[in-house]
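Q: Whatever this is, show me its structure:
(one chain, ligands or ions: 1)
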Amino acid sequence: MSAIVISGKELAKRLREDIRIRVSKFIEETNVVPHLVVILVGDNPASVSYVAGKQKACEETNMKSTLIKLPVETTEEELIKIIEELNSDHTVHGILVQLPLPKHIDEQKIINTISVEKDVDGFSPVNVGKMVLNEECFLPCTPAGVIKMIKETGIEIAGKHAVVIGRSNIVGKPVSQLLLQENATVTICHSRTIDLKHHTLQADILVVAIGKPKFVTRDMIKPGAIVIDVGVNRVDNKLCGDVDYDGALEVASYVTPVPGGVGPMTITMLMENTLAAAKRFTR
Ligand code: GUN
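A: Predicted coordinates for the structure are as follows:
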């Protein structure tokens, strides 16, 4: 079997075109340009690259973006003050603080400072709570992108056994929740799981987000599974995912590549959230 590759790049391109049209219509009707502010503390190369991707996507979708670059020694108090100013700036609709932050800054405290209405990452406790309750909210971008990619296969999620490897606040936990809302039966595996392969071999849908290059090998994948690789690892100066891609291609029915898989979809969902934030603000 040779799996079908779900190209996040292609899907993101299509979705961004649609967002661009809706943004233009919104601007025409309201004279308001959706505006995302991204804060980058320090110069972690991966973060610099992600932030550049977010700015490019704003350009592509006709939205305004502002990048606030802060030195690595910025204090927690200074960062909080900047966020509070952005919270009360009516020309700003979305605020995103690129993670990870330097160790001397408490990430959750920073996330909690961002106004819930501008939390386009969907990371604040209120947004997380609303997501769990299935209320209107900003869905976290990577999990929302993962669900869109699974839906792109045309295969019904309801009733399927979805296995998620990883339990981070950004991906593992929320993607499990969204899969549950789609009526999958969900297993969450993590570093303390015993006999991981026993679980992964039962997965009709396997979502991998652990940050270990090529960790999931061919023998761990159920034949015909949908494999979504959220990992982005740099090995010998090349990007690769958490899944052995070539092995997965042989056994799965659908696989996402790295790069060009989940990454572009995450950013596209951020654009969707920023437009939604601007709309809520103006209605
Ligand atoms: N770092 C890695 N992924 C993300 C994300 O989705 N949002 C933010 N703010 N930081 C990240």
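Q: Quick one: name the residues of the stretch 51-200 of the chain near the ligand.
A: Selection of the stretch 51-200 of the chain residues close to the ligand by C-beta under 6 Å from any ligand atom yields Leu96, Val97, Gln98, Leu99, Asp121, Cys141, Thr142, Ile170. C-beta: built from backbone N, CA, C; applies to glycine.
Q: where along the stretch 51-200 of the chain do the strands fall?
A: Per DSSP state E, counting those that start in this stretch, the stretch 51-200 of the chain has strands spanning 64-70, 94-97, 161-165, 185-189. These are given in chain order.
Q: burial count for Leu96?
A: 23 (other C-beta atoms under 10 Å).
Q: what is the spatially closest residue to it that is not a sequence neighbour paired to in the beta sheet?
A: Among residues not flanking Leu96 along the chain, Val38 sits closest, at 5.0 Å (C-beta to C-beta, 6 or more residues apart in numbering). For Val38, the beta-bridge partners under DSSP bridges are Leu67, Leu96.
Q: is any part of stretch 221-235 close to the ligand?
A: No: legend: contact between stretch 221-235 and the ligand by C-beta under 6 Å from any ligand atom is lacking; minimum distance shown is 8.8 Å.
Q: gap between the two ends of that stretch?
A: The first residue of stretch 221-235 is 23 Å away from its last residue (C-alpha to C-alpha, to the nearest Å).
Q: now do stretch 88-97
A: 16 Å.
Q: Mind listing what's buried along that stretch?
A: Val92, His93, Gly94, Ile95, Leu96, Val97 (16 or more other C-beta atoms under 10 Å).
Q: what's the average pLDDT for that stretch?
A: Per-residue pLDDT values over stretch 88-97 give a mean of 98.
Q: do the same with stretch 255-270
A: 98.
Q: Identify each buried residue in that stretch, please.
A: 255-258, 260-270.
Q: of these, closest to Thr200?
A: Among the buried residues of stretch 255-270, Val255 lies closest to Thr200 (C-beta to C-beta), at 14.1 Å.
Q: Count the residues that sit near Val116.
A: Other residues lying near Val116 total 15 when counted by other C-beta under 10 Å.
Q: unless I'm mixing things up, Arg228 is touching Ile147, no?
A: Check again: residue 228 is Ile, not Arg. No: at 9.4 Å, Ile228 and Ile147 do not qualify as touching, with contact defined as C-beta atoms under 8 Å.
Q: Out of these two, name the residue with the larger neighbour count.
A: Between Ile228 and Ile147, counted using other C-beta under 10 Å, the more crowded position is Ile228 (28 against 20).
Q: what pLDDT does that one get?
A: 98.
Q: tell me the phi and psi of it?
A: phi -110, psi 120 (degrees, to the nearest 10).
Q: how about it, what does it touch?
A: Applying C-beta atoms under 8 Å, 6 or more residues apart in numbering, one finds that Ile228 lies in contact with Ile6, Val146, Met149, Ile150, Ile205, Leu206, Val207, Val208, Thr256, Gly261, Val262.
Q: For the spatially closest residue to Gly159 that is not a sequence neighbour, what are phi and psi?
A: Nearest non-adjacent residue to Gly159, counting by C-beta to C-beta, 6+ apart: Asn183, 6.6 Å away. Phi and psi for Asn183, reported as degrees, to the nearest 10, are phi 70, psi 30.
Q: what about Asn183, neighbour count?
A: 12.
Q: Roughly how far does it sit from the ligand?
A: Going from Asn183 to the ligand by C-beta to the nearest ligand atom, to the nearest Å gives 25 Å.
Q: Surely that residue touches Ile157?
A: Yes: with contact defined as C-beta under 8 Å, Asn183 reaches Ile157; the gap is 6.7 Å.
Q: And the helices in the protein, which stretches?
A: Here the chain has its helices, by DSSP state H, at 8-30, 45-60, 76-87, 107-113, 125-132, 141-152, 172-181, 196-200, 245-251, 262-282.
Q: Give me the buried stretch members for the fourth one, please.
A: Looking back up the chat, that one is helix 107-113. Within helix 107-113, judged by 16+ other C-beta under 10 Å, the buried ones are Glu107, Ile110, Ile111, Asn112, Thr113.
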